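**Student:** Sharing a model prediction with you, sequence too.
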Amino acid sequence: MLKKIGRLFTIKTRFEAWLVIYAIALGAVERGRAYLETYPGWGGWLLAVACTGVVFVAGGKLLDSVKPAEAAIATGPYRAPLRRRAITGRSRPTRLPTRHASERRTSRRTD
């Protein structure tokens with residue numbers, strides 16, 4: 001029963017994320033107006049800008065946490081992990097493999 005209630009508060013789509021961002025923005029603007037009335041001058045303006053700036057940070061995190069609908073359909077439920085080359089170290093870069101193993105970067109001039 002608690003899982004069913006918990007699923008109501010889970011953001012699953014980008015549309016739901018945009019609705020939550022809109023609600024956060026409305027609250028931030030109202031809070032900013034309250035700061036402007038309570039603290040006239042530069043202090044109130046700085047607090048109001050900080051309130052609205054938080055919306056950008058929270059909105060970015062929300063949108064990054066929700067996958068786009070098209071990509072979720074295209075990839076399917078399982079996505080194989082990517083293979084990566086072995087890294088020898090940051091101080092020793094490795095040369096990328098050439099197309100043909102017999103070709104080397106030596107000079108072929110016949111002067």
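**Tutor:** Received it, and whenever you're ready, just let me know what you need. Numbers count the residues shown, from 1 in each chain.

**Student:** low pLDDT regions in this structure?
**Tutor:** Applying pLDDT under 70 to the chain flags the ranges 68-108, 111.

**Student:** Can you show me the helices along it?
**Tutor:** Per DSSP state H, the chain carries helices over the ranges 2-8, 14-38, 42-65, 69-75.

**Student:** Quick one: the ones you listed as CSV, columns for mean neighbour count and distance to Arg109 too.
**Tutor:** Placement of C-beta: from N, CA and C, glycine included. Compiled in CSV, these are given as follows (neighbours: other C-beta atoms under 10 Å; distance: least, C-beta to C-beta, whole Å):
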stretch, mean neighbour count, distance to Arg109
helix 2-8, 7, 70
helix 14-38, 14, 59
helix 42-65, 14, 53
helix 69-75, 10, 50
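
**Student:** Against Ile24, how distant is the residue lying closest to Tyr35 once chain neighbours are set aside?
**Tutor:** The shortest distance from Tyr35 to any residue other than its chain neighbours is 4.0 Å, reached at Leu47 (C-beta to C-beta, 6 or more residues apart in numbering). To Ile24, Leu47 is 16 Å away according to C-beta to C-beta, to the nearest Å.

**Student:** just Ile11 next, same as before
**Tutor:** Taking C-beta to C-beta, one finds Ile11 at 12 Å from Ile24.
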